[in-house]
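> sharing a model prediction with you, sequence too.
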Amino acid sequence: MMGAPGETRLRGTGALVLILLTMSVMAAGVGAFHRFDDGEVSGTSGLRDGSGRAHPDHLVDGFRPPAVPLVVMDPYQSIWLMGDQLTEDFARHWSGAVMALMGMIRVDGVPYRWMGPDASKGGVDVPAMQQLSVRVAPTQTHFTFAAGGVQLKVRFTSPLLFDDLSIWSQPSTFLNLEASSADGRAHRVQLYYDSTAEVAVAEPLEPVVWADVSEAAGPELVAMRVGTEAQKVFGRKGDAVKINWGFAYVSTARAPGGGGGGGLNHTAAEAKAARGAFVGNTAMPPFDRDMPRPCADRWPVLALTWDLGEEVAAHGAPVTRSLVYSYDDVGAMEFFGEPQAALWRRSTRAGDDAAIAMLRRSHARQPELEARCDRLDAAIVGAAAAHRGDKYATLTALAYRQCFGAMKVVWDARRNRTVLYMKEISSDGDVSTVDVVFPASPQLLFFSPATLRLTLLPVLEYANNRTDVPYGLPWAPHHLGEWPVCDERPDQQEQMPMEETGNMLMMIAAVVQGEGDDSWLAEGDFWPLLSSWAEYLAASLPDPGDQLCTDDFEGKSPHNANLAVKGVVGLAAYASLIQQRNATASDHYMRLARGFAGDWQRLANDSSHYRMQYNLPDSWSLKYNLLFQRLLDLPELFPQAVFDTEETFYQTKMNTFGVPLDNRAAFTKTDWSAFIAAMGSAEQFQAIFDAIYKFADETPDRVPFTDWYETDTGRLKGFRARPVIGGLFAGMLV
């Protein structure tokens, strides 16, 4: 299994038809975690939006996301609208850096903007179309605009298909523009799109080069690309760092539906000239040959225009044009000196240009992939709504791309297998931080436990001393390096021994339970490593002492009770893992875990609740680590009374926007809030998610969904766009 070259379509997941979970399935299997199901169910939740396309119908009308995903494919190509209107500002990288995209329409000779700001913010001085709606589905974002008697629907589709890693890894987002008459009259319509070189630079002063690659792309496509002159692959690493190697591509089909024959024009030119020509209804400027030059020097753009002529009829079908935005990063990750390319590159035949071949595949498969995304979106939203309600479905739809879009799917040529990496966005920029993978794990487990397995494999290789940098510590690693380079020495690690060891054992047990297969642990020779981790936990419980835990926002919390829960549940998880292999050893570790759970109840007891620290009376905290006892169906560990006591106490601490993380401050963590919601009663779940929804809908801080905010004011405390928001799917696991 570990070395299977074909593991791009994951076993045990939906292949073509993705369906709703029925309520009978959701009610089954008490104690074990649930999975996204596949097959075909009548009455699949989806409405038609006039174009014949499926559209999730359980998204709350009028929901105002804190930020709207546009192009979200990986940590570098993560482009968002950080506001309400697509015309109020330029699109931005998750870090806040501008990644300017401009869109315009001309209706009967009058130009309007549908994307990008006016001249005061560097855009164009023409009126904005009226934005009628925005809806965020798991893989797609839908906008509707109106102006001059024409309605324009704009759809961004990033096919992050969890069951098809080759497609997930392919760095293409589809942008569809659909024009129709809104007033019963025929209209002459032209469309415009451009993107600057900001999508391909780390800093605006970096020199860039661009090219028309239409001839290479073939007679059916128009394609252009832009990238830095230097092309230093892996030349930069860190957190709020944009990519400055590889090339961004903008392409469209020459035939109707893409380009419309003679109505298509393309050019690379300075932004002012290209945009001005469209506004003034004059010929587009010729292809600019003044390069290399800094990205900020007259802002070169890749621009497309379509003339729909009189095609927008009074009562005719909508007219559609589309483009594909792609990014070939050339090198995706470096694993202890080994360069690793994105998985999609393996689909390239010998002798072909990988990027050009990818463009052709993207266009050829666009209708199929958009249809799959339609079905997937409707299924996910419908399942979440059926199980937990429309507000929950709306939040998880927003979380889906944020979590999977913080990951990278690559091919490990040395070990002949697919692996995934996850970026610790906006907090450290580390690679596959274990205490970031853990809170994100509910999304991976719900959709495909294999994705979590493939994410853990590089961590296990490092911990097992299988890299050029020996690890050699008795506990699990914290992370692998600084994105996108894995090169961390053990003495550089942020040491969280019980935290990461418990996390790894719980996640591995969940993967094995979800897949029904532990053979990969023997194939990788990981069993001795896991045994050593279990011994470490057994020697360190019931009191973790002065160890650092993931919730170190207010400094250290010695004798941390929630951290001790993690150690206990992690030890029990290991016992469950080895039950079929060695029943005697399993019984031994489970007895130890139960004994430590009993010690915990005595040491942490504070009458009405359980303490944050063993040695600190009147302290309290969210005991979210208890969730995995329930997910893994670990019996006779912490009794139900512990869960009930904590739930009752949390209700007394509820603020306007949620329950604080602990007694030290008013802030909370969205991921951990989702964990405690999922492990409690239906009433607790509803109260907590109503508060999370209220925060997301009302916070004045317009950044991609944060997991760290103030529960009394709804203000951002820190963090944005982190994959841990996948923890919201904990509510689908139980």
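That came through fine. No experiment lies behind these values; they were computed from the predicted model shown. Numbering: from 1, shown residues only.
> name the nearest residue to residue 589, ignoring sequence neighbours.
Excluding the flanking residues, the one nearest residue 589 by Cβ to Cβ, 6 or more residues apart in numbering is residue 575, at 3.9 Å. Bear in mind the C-beta positions are built from the backbone N, C-alpha and C, glycine included.
> got the buried residues for stretch 365-383?
Residues of stretch 365-383 classed as buried by neighbour count (16 or more other Cβ atoms under 10 Å): 366, 369-370, 372-383.
> actually stretch 113-123, not the one I wrote
113-118, 122-123.
> could you do stretch 529-539 as well?
In stretch 529-539, counting by 16+ other Cβ under 10 Å, buried: 529-531, 533-534, 536-538.
> secondary structure, pLDDT and distance to residue 72 added to the buried residues of stretch 113-123, as JSON lines?
JSON lines is the format used below for these (DSSP: H, G, I helix; E, B strand; the rest coil; pLDDT from 0 to 100; distance: Cβ to Cβ, whole Å):
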{"residue": "113", "secondary structure": "strand", "pLDDT": "98", "distance to residue 72": "22"}
{"residue": "114", "secondary structure": "strand", "pLDDT": "98", "distance to residue 72": "20"}
{"residue": "115", "secondary structure": "strand", "pLDDT": "98", "distance to residue 72": "16"}
{"residue": "116", "secondary structure": "coil", "pLDDT": "98", "distance to residue 72": "18"}
{"residue": "117", "secondary structure": "coil", "pLDDT": "98", "distance to residue 72": "21"}
{"residue": "118", "secondary structure": "coil", "pLDDT": "97", "distance to residue 72": "26"}
{"residue": "122", "secondary structure": "coil", "pLDDT": "96", "distance to residue 72": "23"}
{"residue": "123", "secondary structure": "coil", "pLDDT": "97", "distance to residue 72": "22"}
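> what's the farthest-apart pair in the residues you listed?
Greatest spacing in those, by Cβ to Cβ: 114 and 122 (16.7 Å).
> now the strands for the stretch 151-300 of the chain?
Using DSSP state E, counting those that start in this stretch, the strands of the stretch 151-300 of the chain run over 172-181, 187-196, 207-212, 221-228, 247-253, 264-270, 293-294, 300-312.
> turn those strands into TSV, including mean neighbour count.
TSV is the format used below for those (neighbours: other Cβ atoms under 10 Å):
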stretch	mean neighbour count
strand 172-181	22
strand 187-196	24
strand 207-212	19
strand 221-228	24
strand 247-253	25
strand 264-270	21
strand 293-294	16
strand 300-312	22
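> keep only those of the buried residues of stretch 529-539 that are in helices.
Secondary structure from DSSP state H places 529-531, 533-534, 536-538 of the buried residues of stretch 529-539 in helices.
> out of those, who's nearest residue 465?
residue 529 (9.0 Å).
> residue 460 is in contact with the closest one, correct?
Yes. Using Cβ atoms under 8 Å, residue 529 makes contact with residue 460 at a distance of 6.9 Å.
> do you know the pLDDT at the nearest residue to residue 534 once chain neighbours are set aside?
Among residues not flanking residue 534 along the chain, residue 574 sits closest, at 4.2 Å (Cβ to Cβ, 6+ apart). Reported pLDDT at residue 574 in the predicted model: 98.
> quick check: longest helix of the protein.
Criterion DSSP H: the longest helix present in the chain is helix 354-388.
> report the rounded mean pLDDT for the following helix or strand past that one.
Moving toward the C-terminus from helix 354-388, the next helix or strand (DSSP states H and E) is helix 390-404. Averaged across helix 390-404, pLDDT comes to 98.
> could you do stretch 726-734 as well?
Stretch 726-734 comes out with an average pLDDT of 97.
> what sits up against that stretch?
Residues from elsewhere that reach stretch 726-734 (Cβ atoms under 8 Å, 6 or more residues apart in numbering): 21, 33-34, 36, 383-384, 387-388, 392, 395-396, 399, 402-404, 439-447, 627, 630-631, 670-672, 674-675, 677-679, 685, 689, 692, 707.
> mind redoing it with 6 Å?
Contact partners of stretch 726-734, identified using Cβ atoms under 6 Å, 6 or more residues apart in numbering, comprise 33-34, 388, 395-396, 399, 403, 439-440, 442-443, 446, 630-631, 671, 674-675, 678.
> got it, and stretch 309-329?
With Cβ under 6 Å, 6+ apart as the test, stretch 309-329 has contacts from 51, 71, 77, 171-181, 184-189, 191, 246-249, 251-252, 257-258, 306, 308, 355, 362.
> what of stretch 196-213?
98-100, 223-229, 236, 242, 244, 248, 268, 291-292, 294-296, 299-301.
> ok, and the closest non-adjacent residue to residue 666?
Spatially, and ignoring its direct neighbours in sequence, residue 666 is nearest to residue 712 (4.7 Å; Cβ to Cβ, 6+ apart).
> do the same with residue 684
Once flanking residues are discounted, residue 684 sits nearest to residue 647: 5.2 Å by Cβ to Cβ, 6+ apart.
> okay, now that neighbour: neighbour count?
Using other Cβ atoms under 10 Å, residue 647 has 18 other residues around it.
> tell me which helix or strand it sits in.
Per DSSP H and E: residue 647 is located in helix 640-651.
> mind listing what's buried in that helix?
Within helix 640-651, the residues that qualify as buried are 642-643, 645-647, 649-650, counting by 16+ other Cβ under 10 Å.
> what's the closest of those to residue 623?
Within these, proximity to residue 623 (Cβ to Cβ) peaks at residue 646, which comes in at 5.3 Å.
> so how far is residue 529 from residue 73?
The gap separating residue 73 from residue 529 is 33 Å, by Cβ to Cβ, to the nearest Å.
> and what of residue 184?
70 Å.
> show me where the stretch 1-150 of the chain has its strands.
With DSSP E, counting those that start in this stretch as the criterion, the stretch 1-150 of the chain has strands at 47-48, 54-55, 68-72, 78-81, 92-93, 101-107, 110-115, 130-136, 140-147, 150-157.
> out of the ones in helices among the buried residues of stretch 529-539, the closest to residue 660 would be?
Of these, the one sitting nearest to residue 660 (Cβ to Cβ) turns out to be residue 537, at 28.4 Å.
> so the closest one sits right up against residue 573, yeah?
No. Counting by Cβ atoms under 6 Å, residue 537 sits too far from residue 573 to count as a contact (9.8 Å).
> just for the chain, where's the confidence low?
Scanning the chain for pLDDT under 70 picks out 1-33, 37-56, 256-262.
> count the neighbours of the residue nearest to residue 534 for me.
Residue 574: 29 neighbours (other Cβ under 10 Å).
> residues touching it, list them.
505, 534, 589.
> cool, residue 510 as well?
residue 445.
> where's it, which helix or strand?
Assigned by DSSP H and E, residue 510 falls in helix 497-515.
> wait, residue 669 sits on residue 709?
No. Contact criterion Cβ under 6 Å: residue 669 and residue 709 do not qualify, at 8.7 Å.
> neighbour count: those two, which is higher?
For residue 669 and residue 709, the more surrounded residue by other Cβ under 10 Å is residue 709, and the numbers stand at 28 against 25.
> what sits against that one?
If a contact means Cβ under 6 Å, 6+ apart, then residue 709 has 716-717 as its contacts.
> who does it form a beta bridge with?
With DSSP bridges applied, residue 709 shows beta-bridge pairing to residue 668, residue 716.
> please tell me how far it sits from residue 654.
Distance from residue 709 to residue 654, counting by Cβ to Cβ: 15 Å.
> doesn't residue 686 belong to a strand?
No. Judged by DSSP: H, G, I helix; E, B strand; the rest coil, residue 686 forms no part of a strand; its state is helix.
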